[in-house]
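1. Sequence plus predicted model, see below.
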Amino acid sequence: MIPKLVIVVPCYCEEKVIPITAPLFKEELDLLKEKGLISEDSRILFVDDGSTDNTWHIIEELSQQSDNYSGIRLSRNRGHQNALLAGLMEVRSVCDITISIDCDGQDDVTAMEQMVLAYKQGYEVVYGVRSKRKKDTFLKRITAELFYKLLLAMGAEVVFNHADYRLVSSVVLNEFAGFEEVNLFLRGMFPLVGFSSSKVYYERRERIAGESHYSLSKMFGLAFDGITSLSVKPIRIITVMGLSVAFLSFAMLIYSLIRYFMGATITGWASTVTIICFVSGIHLISLGVIGEYIGKIYMETKRRPRYIISRKTDNALD
Ligand code: UDP
Ligand code: MG
């Protein structure tokens, strides 16, 4: 059977980029069709994440030019992960495989062929892994590497150097639909669904135009969300830290008693203050971490919709 592919592309304020990358996606789609790897009705779905610029207009125009392009628009900006989820959930019943890719041209479209070939060999999930990051700025490269290392150390299962460029079959997506959390960290959630998976390596390029929407603080936010939505290790670290500090204080107590009996109790102001600062610092951090988890629980209990689709192009998915 020849699988039907839908390429899912989340876009937020990308009016400068889409006119350039849309034809690139289509070229690759046509090539895969020519090679008989995917069915003729395979297509590209743009998910406009509530852009405030001309993005939706461009998507509508593209959809009128060719049935290979279609689009949905979210009612407001919900962030990359929610936009991607919206696209994947929208198409899972009308296709056999999906490939998610950013619309800024950073991910090499030619890797799609290897992804589809891996699917044909029986892999249900194929992760696109960046082999080189030469073109990223030094800061971006370092923070990104730190990000993965931190995630792994904190017990979140992620594929090193894999972002959201990946092939997922509709079989996996149908199971994934049962993951109803509002805290999304897709790259860490797909490994939890299971099924056989494989990796395809590609070179990460520079953004074709426009600017990254992930600032340093957003990256940290994403890292923290990733950790807290996939693991409770930070809370365990607090417990261990609490125990160590308690042990240390006990040792200090014995030390002060000995000093007391030796008659040397006047000195020691500096060490007392240091200990007070140290322990209250740890308390505050611990409260913060626990608070983050409680905040997440609060958001989850509301069960608000993760995205709302406000518009679809006329040809949107049949
Ligand atoms: N994006 C989105 N919603 C947002 C921010 C970004 O859909 O709120 C899209 C964006 O258009 C792009 C992808 O997510 O296709 C990745 O974003 P970006 O290139 O800014 O991140 P980076 O590659 O720098 O990590
Ligand atoms: Mg990018």
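-> Sure, I can see it. Ligands and ions are numbered 1, 2, ... in the order given.
2. can you list the weak-confidence ranges in the stretch 201-318 of the chain?
-> By pLDDT under 70, the low-scoring segments of the stretch 201-318 of the chain are 264-267, 269-270, 273, 277, 317-318.
3. residues from it in reach of ligand 1?
-> Residues of the stretch 201-318 of the chain found near ligand 1, taking C-beta under 6 Å from any ligand atom as the criterion, are 212, 213, 214. Just so you know, the C-beta spots here come from the backbone N, C-alpha and C atoms, and that holds for glycine as well.
4. Check which helix or strand the closest residue to the last one other than its chain neighbours maps to.
-> Distance criterion C-beta to C-beta, 6 or more residues apart in numbering; nearest residue to residue 214, sequence neighbours excluded, is residue 222 at 7.3 Å. Assigned by DSSP states H and E, residue 222 belongs to helix 216-230.
5. Just checking, which helix or strand succeeds that helix along the chain?
-> With elements assigned by DSSP H and E, the helix or strand that comes after helix 216-230 is helix 233-261.
6. For that next one, name the packing helices and strands.
-> helix 216-230, helix 269-302 (3 or more C-beta pairs under 8 Å, 6 or more residues apart in numbering; DSSP states H and E).
7. and those, which is most packed in?
-> For the helices and strands packed on helix 233-261, ranked by mean neighbour count under the definition mean count of other C-beta atoms under 10 Å, the leader is helix 216-230 at a mean of 17.
8. Which residue ranges of the chain form strands?
-> Per DSSP state E, the chain carries strands over the ranges 5-11, 43-48, 69-74, 97-100, 125-132, 162-169, 197-203, 309-312.
9. hmm, back to that, which among the residues of the stretch 201-318 of the chain next to ligand 1 end up buried?
-> Buried subset of those (neighbour count, 16 or more other C-beta atoms under 10 Å): empty, as none qualifies.
10. Take those and write them to JSON lines, including distance to residue 117.
-> Formatted as JSON lines, the entries for these read as follows, by distance: C-beta to C-beta, whole Å:
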{"residue": "212", "distance to residue 117": "31"}
{"residue": "213", "distance to residue 117": "32"}
{"residue": "214", "distance to residue 117": "30"}
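11. if I read this right, residue 235 contacts residue 291, doesn't it?
-> No. In this structure residue 235 lies outside contact range of residue 291 using C-beta atoms under 8 Å: 11.2 Å.
12. how far away is residue 106 from residue 14?
-> 12 Å (C-beta to C-beta, to the nearest Å).
13. nope, residue 157 is what I was after
-> Distance check for residue 157 against residue 14: by C-beta to C-beta, it reads 30 Å.
14. Which one's more surrounded, the two?
-> residue 14 (29 against 14; other C-beta atoms under 10 Å).
15. Contacts only, for the closest residue to residue 195 other than its chain neighbours.
-> Among residues not flanking residue 195 along the chain, residue 124 sits closest, at 3.9 Å (C-beta to C-beta, 6+ apart). When the contact criterion is C-beta atoms under 8 Å, 6 or more residues apart in numbering, the partners of residue 124 are 168, 169, 171, 172, 195, 196, 197.
16. Give me the neighbour count for the third one.
-> Applying the criterion other C-beta under 10 Å, we find 15 residues in the vicinity of residue 171.
17. and the protein, which residues reach ligand 2?
-> For the chain, the residues in contact with ligand 2 (C-beta under 5 Å from the ion) are 102, 104, 106.
18. 6 Å - rerun?
-> Within the chain, the positions near ligand 2 by C-beta under 6 Å from the ion are 102, 104, 106, 207, 212.
19. Can you tell me which of those has the most neighbours?
-> Highest neighbour count within the residues of the chain next to ligand 2, by other C-beta under 10 Å: residue 104, with 23 neighbours.
20. got a list of what that residue touches?
-> Residue 104 makes contact with 14, 17, 21, 207, 208, 209, 210, 212, according to C-beta under 8 Å, 6+ apart.
21. buried ones in stretch 90-97?
-> Judged by neighbour count (16+ other C-beta under 10 Å), stretch 90-97 contains these buried residues: 90, 91, 92, 95, 96, 97.
22. Quick one: these as JSON lines, columns for pLDDT too.
-> Formatted as JSON lines, the buried residues of stretch 90-97 follow (pLDDT from 0 to 100):
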{"residue": "90", "pLDDT": "92"}
{"residue": "91", "pLDDT": "94"}
{"residue": "92", "pLDDT": "93"}
{"residue": "95", "pLDDT": "93"}
{"residue": "96", "pLDDT": "94"}
{"residue": "97", "pLDDT": "95"}
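23. Residue 65: neighbour count?
-> A count of neighbours around residue 65, defined by other C-beta under 10 Å, yields 11.
24. tell me the mean pLDDT for stretch 150-169?
-> The predicted model assigns stretch 150-169 a mean pLDDT of 85.
25. If you could redo that for stretch 108-125, that was the one I meant.
-> Here stretch 108-125 scores 94 as its mean pLDDT.
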